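Visitor: A predicted structure for the sequence below; I have some questions about it.
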Amino acid sequence: QSETDKILHMEEHLHERIIGQNDAVKAVSQAIRRNRTGLGNPHRPIGGFLFLGPTGVGKTELAKSLATFLFGDEDAMIRLDMSEYMEKFAVSRLIGAPPGYVGYEEGGQLTEAVRRRPYSVVVLDELEKAHPDIYNILLQVLDEGALSDNLGHKVSFKNCVIIMTSNVGAREITNKGNTLGFAAHHTEEQEYQDMRKNVMEEVKKTFNPEFINRIDEIVVFHSLTKENIGAILDLALEEVDDKLADRNLSLELTKEAKNFLVEKGFDVKYGARPLLRTLQRELEDPLAENILISRYPDHTKIIVDFDTSAGKLTFHGAAVEQKDAVTI
């Protein structure tokens, strides 16, 4: 697949991992296309985004997907927790300590990471918790695509995607999430736009206009619906099945088993995280114990069902018929 086709169909690639969040995926894809076609500013980063939304709705997952899509590696991601930069002196940790101070020769935590990996997605989590002086550093990155560290090295951010995440407006998003998915499509879309408008008011109260104007896209993630959680479960089960394939085993869940996991793992407030914890506790832990005691021989299909009376999943192994090898 050519690079042009890949960029044109970027949304499809990202949706292989990102469930729901159509507005977020579209906004990010459009910004990347502008940059790739030369319509963006060549002196600025590939894209500068502010991701807004409650925990567990896909903000970090989209960042990982972007790293894989743009740079071919999920690990091409630099992540800093901005709650660790709440004090005024923390600015020096980003770009390096001044001469004579401890750590002077080590460089900055942000500048050194980007210098070593110039093609990367930089994620700055919980931006609103950072000291206001940090915003001046970020303004320089977003505006000029470069930052000088304490050693005088000019570090380029032109081949980076800058993603800043924030919980600003999370309560508004979660409250609206309780009604999303139960209304007609046009009503649901209108509710999303109303919610986004209210969230943007919160953004304006938190960040100054100069900073907001430097951001390419402010992306509002909505709460996940039960249908979204079901789709995320399917992706997670594919991963489990792939791991079992290394042991010549396969996995099949009944509809009842899937419904049990979705119901137990659905939480509007915390997004996909309760589902993943439920999956570990109810499915992966019993599976691991059964595998350790060699309950399943090679070429076994593990069928998982839900026992209503016991209120838990049941596991049953069924031999998979092997086709005879044909010698040519």
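Guide: Nice, thanks for sending it over.
Visitor: in this protein, which helix or strand is least confident?
Guide: One helix or strand of the chain scores below all others by mean pLDDT, DSSP states H and E: helix 170-177, with a mean of 74.
Visitor: who are the packing partners of it?
Guide: For helix 170-177, the packing partners by 3 or more Cβ pairs under 8 Å, 6 or more residues apart in numbering; DSSP states H and E come out as helix 185-206. Yep, even glycine has a C-beta here, placed from its N, CA and C like the rest.
Visitor: helices or strands up against whichever helix or strand comes after the helix it packs on?
Guide: Next helix or strand after helix 185-206 toward the C-terminus (DSSP states H and E): helix 209-214. Packing contacts for helix 209-214, counted by 3+ Cβ pairs under 8 Å, 6+ apart, involve helix 132-144.
Visitor: whichever helix or strand comes after the helix it packs on: which residues count as buried?
Guide: Using DSSP H and E, the next helix or strand after helix 132-144 towards the C-terminus is strand 146-148. Across strand 146-148, burial judged by 16 or more other Cβ atoms under 10 Å covers A146, L147.
Visitor: what packs against the helix or strand just after strand 146-148?
Guide: The helix or strand immediately downstream of strand 146-148 is strand 154-156, counting by DSSP H and E. When contacts are defined as 3+ Cβ pairs under 8 Å, 6+ apart, strand 154-156 sits against helix 109-116, strand 146-148.
Visitor: name the residues of strand 154-156 that are buried.
Guide: Quick answer for strand 154-156 (16+ other Cβ under 10 Å): V155.
Visitor: same check, this time on stretch 195-202
Guide: Here stretch 195-202 shows M195, R196, V199, M200, E202 as buried, counting by 16+ other Cβ under 10 Å.
Visitor: same check, this time on stretch 81-98
Guide: M82, Y85, A90, V91, S92, R93, L94, I95, G96, A97.
Visitor: measure the residue nearest to the first one when sequence neighbours are not counted to E289 for me?
Guide: By that I understand M82. Computed as Cβ to Cβ, 6 or more residues apart in numbering, the closest residue to M82 that is not its neighbour in sequence is A130, at 4.0 Å. In this view, A130 and E289 are 44 Å apart by Cβ to Cβ, to the nearest Å.
Visitor: give me every residue that touches the residue nearest to M82.
Guide: M82, S83, Y85, M86, A90, L124 (Cβ atoms under 8 Å, 6 or more residues apart in numbering).
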